[in-house]
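>>> I'll drop the sequence and a predicted model, then ask my questions.
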Amino acid sequence: MTNNDHSDEHHVLSYRFLATVLAGLIALTGLTVGVSYIDWGFLNVPIALAVASTKATLVLLFFMHIRYEGFTIKVSFITTVFVVAIMISFTFWDVAFR
Amino acid sequence: MEKAIDRTGIKIGMWIFLYSEIILFAGLFVLYAVYFHFYPDDFVAGGLELNRIFGTANTLVLLISSFTVAASITAVSNGKKNHAIGLLLFSLLCGLTFLINKYFEWGAKFHHGLYPNSDYLLDSEPGLQIFFGLYYTITGLHGIHVIIGMVLLAISLVMVINNRVTAERISMLDNSGLYWHLVDLIWIFVFPLFYLVL
């Protein structure tokens, strides 16, 4: 499972790499604001959420370091996302098909 | 003999706390989704009242501050104490900018009679009342998180200055950073849902 012997050697990201991630996040913000001026009909929400999820993924993987974490943090994080997905989708099935 | 520090263990503890925060905000987003489903037209009308410029500016401020916080961890890990101090001060300034923006934004809404229980809102559609109720609840709770995040970063900054946070003992800064990124993460979803979805 986790390789505890090596988990103390922490992966240090360079300024340059972090700045590249920031540039990506700013570009995606520009994209989501720009796209919002066009009416895509029922696709408005999915497009906005898709861009937001991409941004969130960048923040999680690199700024929050999940990419370099061990098994425990990775799996527990994915489990949380799964719980949230269940919470949202089950509520929505109830509301949508009432 | 030095006491061993379990960095991974400390981090896992922080993450477990962050999971509870994620679920807290997810609950509010579920409310948003359900009422958006019931009152799509009112939500669109409410969203048009919000200022995209403010929203975009605050998004950029938080993204940049997240970068500087991540960079400060790099700086401490590389023993560059002065870089870390500068980066953390800048991050705190970003947090303050965010709150000042929020103050003007909320102030403008209040000025237009858009606040919970205002005469204007009580006379308008239920969907609009719910939209602004959620707007104030979610952005308000997020604002409290910004303040807590700034307090944690300020404590970390003092500890960096006092050499109590170093490359070997970085957990306080690491965990404060995680909290700050979570604040950013939540805003990444708040921004499109309130300001952009029309």
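Perfect, thanks for sending it.
>>> what's next to stretch A:12-22, contact-wise?
Counting by Cβ atoms under 8 Å, 6 or more residues apart in numbering or on different chains, the neighbours of stretch A:12-22 from elsewhere in the structure are A:58, A:62-63, A:65, B:63-64, B:66-67, B:70-71, B:73-74, B:77-78. Bear in mind the C-beta positions are built from the backbone N, C-alpha and C, glycine included.
>>> In a markdown table: the residues you listed, plus secondary structure, neighbour count and pLDDT.
Written out in a markdown table, the entries for the contacts of stretch A:12-22 read as follows (DSSP: H, G, I helix; E, B strand; the rest coil; neighbours: other Cβ atoms under 10 Å in any protein chain shown; pLDDT from 0 to 100):
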| residue | secondary structure | neighbour count | pLDDT |
| --- | --- | --- | --- |
| A:Leu58 | helix | 18 | 96 |
| A:Phe62 | helix | 23 | 95 |
| A:Phe63 | helix | 26 | 95 |
| A:His65 | coil | 20 | 92 |
| B:Leu63 | helix | 24 | 97 |
| B:Ile64 | helix | 18 | 97 |
| B:Ser66 | helix | 29 | 97 |
| B:Phe67 | helix | 27 | 97 |
| B:Ala70 | helix | 27 | 97 |
| B:Ala71 | helix | 27 | 97 |
| B:Ile73 | helix | 27 | 96 |
| B:Thr74 | helix | 18 | 96 |
| B:Ser77 | helix | 19 | 95 |
| B:Asn78 | coil | 14 | 95 |
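>>> Nearest to B:Met159 among the residues you listed?
Minimum separation from B:Met159 among the contacts of stretch A:12-22 (Cβ to Cβ) is found for B:Ile73, which lies at 13.0 Å.
>>> Packing partners of the strand or helix carrying A:Trp93?
Secondary-structure element containing A:Trp93, defined by DSSP states H and E: helix A:71-96. Helices and strands in packing contact with helix A:71-96 are listed as helix B:7-38; criterion 3 or more Cβ pairs under 8 Å, 6 or more residues apart in numbering or on different chains; DSSP states H and E.
>>> Which strands or helices does the helix it packs on pack on?
For helix B:7-38, the packing partners by 3+ Cβ pairs under 8 Å, 6+ apart come out as helix A:71-96, helix B:126-161, helix B:171-191.
>>> And that helix, how far out from the chain middle?
Centre-to-centre, helix B:7-38 and its host chain are 13 Å apart (Cα atoms, centre = their mean, to the nearest Å).
>>> after it comes which helix or strand?
Using DSSP H and E, the next helix or strand after helix B:7-38 towards the C-terminus is helix B:40-49.
>>> And the contacts of stretch A:12-22, which is closest to B:Ile144?
Taking the contacts of stretch A:12-22 together and measuring to B:Ile144 by Cβ to Cβ, the closest member is B:Ser66, at 18.1 Å.
>>> Of all residues in chain A, which one is nearest the centre?
The geometric centre of chain A, computed from its C-alpha atoms, lies nearest to A:Thr57 (Cα atoms, centre = their mean), at 2.5 Å.
>>> in the worst-scoring helix or strand of chain B on mean pLDDT, what counts as buried?
When the helices and strands of chain B are scored by mean pLDDT, DSSP states H and E, helix B:119-122 comes last with a mean of 87. Residues B:Leu121 are the ones in helix B:119-122 that count as buried (16 or more other Cβ atoms under 10 Å in any protein chain shown).
>>> which helices and strands does that helix pack with?
Packed against helix B:119-122, as judged by 3+ Cβ pairs under 8 Å, 6+ apart, are the following elements: helix B:126-161.
>>> Give the residue spans of chain A that score low on pLDDT.
A:1-10 (pLDDT under 70).
>>> try chain B
Of all residues in chain B, those with pLDDT under 70 make up the ranges B:1-2, B:198.
>>> returning to that earlier point: the inter-axis angle of the helix holding A:Trp93 versus helix B:7-38?
10 degrees (axes from the mean of the first three to the mean of the last three Cα atoms, to 10 degrees).
>>> What residues sit buried inside helix A:71-96?
If you call a residue buried by 16+ other Cβ under 10 Å, then helix A:71-96 has these buried ones: A:72-73, A:77, A:80, A:84, A:88.
>>> show me what contacts the residue nearest to B:Leu31 when sequence neighbours are not counted?
For B:Leu31, the nearest residue in space outside its immediate sequence neighbours is B:Leu134; the separation is 6.3 Å by Cβ to Cβ, 6 or more residues apart in numbering or on different chains. With contacts taken as Cβ under 8 Å, 6+ apart, B:Leu134 has the following neighbours: B:28, B:31-32, B:35.
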